[in-house]
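Colleague: Give the three-dimensional model of this entry:
(one chain, ligands or ions: 1)
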Amino acid sequence: MASDLPEELELLQQTVRDYVKEHVAPHAAKYDESESFPEVPYAKARELGLTAVNVPEAQGGTAMGTLAGSLIVEEISRVCPATAVTLSVHNSLVCGPIAKYGNEEQKKRFLPKLASGEWLGAYCLSEAGAGTDAADQSTKAVRQGDSFVLDGAKLWITSGSHAGLYLVFARTSPPPDAEHRSRGVTCFVVERTTPGLSVGKKEQKLGIRASPTTEIVLDRCVVPAANVLGEVDKGFRIAMDTLDAGRIGIASQALGIAQGCLDESLKYAQERRQFGRAIAEFQAIQWKLADMATQIDAARLLTRRAARMRDAGEPCGKEAAMAKLFASTLSNRAADDAVQIHGSAGYSRDYRVERLFRDARITEIYEGTTEAQRMVVARALLG
Ligand SMILES: Cc1cc2nc3c(=O)[nH]c(=O)nc-3n(C[C@H](O)[C@H](O)[C@H](O)COP(=O)(O)OP(=O)(O)OC[C@H]3O[C@@H](n4cnc5c(N)ncnc54)[C@H](O)[C@@H]3O)c2cc1C
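Modeller: Below is the predicted model:
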């Protein structure tokens, strides 16, 4: 099928493919093994403007939007899902909401350094007791003159140790009742250098090991009231609207992982010979490849539909959840099949599918679990 992308996005896609080949692929296994931040791929991503797609041109961005972000994440995830999620969180969960909800002064202060990648963004919603039930926030923010004092701990924060800017959600008012716990939460933009913000424990993970996931501790952290994004007590809406965009990013990550599994499996199945012929000649292998390719196309259509809706300013909560649900379950099936096609080689770190198999698992967990996506879709269906 001919590409349905406009010329500028086809150009971007090709640029990212070249970048991945030259600056990501040679390093991905090494960063995974050492569980270290992908410094070289990130530095080059900054140079190429891959950190600027959700920033308006007035603040140094390219304003290319959600579909562009999706293409970037998909292409990088074929080879290094950890580098891809670093950019996905930065673009969708941090630059996006500041560009959308920030006032002019906030955009001027925060967006140029995010666009250039000098500041990497982190999104701090989850806590020990607030996972799927994200409204159950116990981090507190108390008004003191022109500031708020934040106390609490955020868990599982992507890029926590490397970020320059954090979007932090905290409770500013008690909820009116148990049914409405999403009320009374405020979104704060917090600079890394703010006294009282520190990086806590780093998680030891199964996959995306080059993406540092840490605790963020807020201990009498004094944040100027001028750093409130949107309105006081109304931050939970920003959190949820932002996650619609984030889920398109994770759907793109899952899609890229599945495509990477197909790329590797096609190659291996034609090289590996058993019973005197390439294993690609066996129907059992062909059916796996055919199913993978078919479902990848479906995931891509769902993901790009959601991205286009987001770019058009249409509500896309249901479509983003459908894309993430479908693409993330697919990526795990595709990774499982890819390891099977590789036989013992697929169980070895010498082959990329071993890493993709571990990396695929997270796509069903973060930015809302598979169960949470089904809840979003069902709620939209049932009204
Ligand atoms: C590597 C990694 C990176 C992350 N990055 C970030 C980040 O940058 N920022 C951030 O804020 N958070 C981040 N998270 C947190 C992540 O979004 C949460 O872990 C996720 O939302 C799930 O929450 P939980 O782990 O508390 O699971 P729980 O909510 O405890 O769920 C456990 C299980 O119960 C199921 N469940 C829960 N409620 C229901 C229900 N009502 N109906 C049916 N099933 C239900 C869940 O689907 C899941 O299967 C990250 C997590 C990981 C692992």
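Colleague: Run through the residues of this structure sitting next to the ligand.
Modeller: Contacts of the chain with the ligand, taken as C-beta under 6 Å from any ligand atom, map to 89, 123-126, 131-132, 156-158, 205, 208, 213, 362, 365-369, 371-372. Glycine gets a C-beta too; all of them are placed from N, C-alpha and C.
Colleague: Sitting in helices, which of the residues you listed do you find?
Modeller: Judged by DSSP state H, the subset of the residues of the chain next to the ligand located in helices is 371-372.
Colleague: And for the residue of the stretch 51-200 of the chain found nearest the ligand, the neighbour number?
Modeller: The stretch 51-200 of the chain approaches the ligand most closely through Gly131 (1.7 Å), counting by C-beta to the nearest ligand atom. Per other C-beta atoms under 10 Å, the neighbour tally for Gly131 reads 16.
Colleague: ok, now Arg310?
Modeller: 24.
Colleague: same check, this time on Ala226
Modeller: With neighbours defined by other C-beta under 10 Å, the count for Ala226 comes to 12.
Colleague: Start at 13, not 1
Modeller: From this message on, residue numbering opens at 13, which makes the last subject Ala238.
Colleague: From what I see, Leu230 and Gly208 are in contact.
Modeller: Yes: using C-beta atoms under 8 Å, Leu230 is in contact with Gly208, at 6.2 Å.
Colleague: what's the overlap in contacts for these two?
Modeller: Leu162 (C-beta atoms under 8 Å, 6 or more residues apart in numbering).
Colleague: Those two: which is more packed in?
Modeller: The neighbour count for Leu230 versus Gly208, taken as other C-beta under 10 Å, is higher for Leu230 (25 against 15).
Colleague: Next one: the more buried one from the ligand, what distance?
Modeller: Counting by C-beta to the nearest ligand atom, to the nearest Å, the gap from Leu230 to the ligand is 13 Å.
Colleague: now do Phe338
Modeller: From Phe338 to the ligand the distance is 16 Å (C-beta to the nearest ligand atom).
Colleague: again, but for Val365
Modeller: 20 Å.
Colleague: helix or strand right after the helix ranked longest in the chain?
Modeller: When the chain is parsed with DSSP H, its longest helix is helix 247-283. Following helix 247-283 in sequence order, the next helix or strand is strand 285-286 (DSSP states H and E).
Colleague: Where does the closest residue in space to Asp303 that isn't next to it in sequence fall, secondary structure wise?
Modeller: With C-beta to C-beta, 6 or more residues apart in numbering as the criterion, Asp303 has its nearest non-adjacent residue at 7.6 Å, and that residue is Asp349. Using DSSP H and E, Asp349 sits within helix 329-354.
Colleague: Tell me where the model's unsure across the stretch 63-212 of the chain.
Modeller: Scanning the stretch 63-212 of the chain with the threshold set as pLDDT under 70 gives no residue ranges.
Colleague: Next, report how far the helix holding Asp349 is displaced from the centre of its chain.
Modeller: With C-alpha atoms, centre = their mean, to the nearest Å as the basis, helix 329-354 stands 15 Å off its chain's centre.
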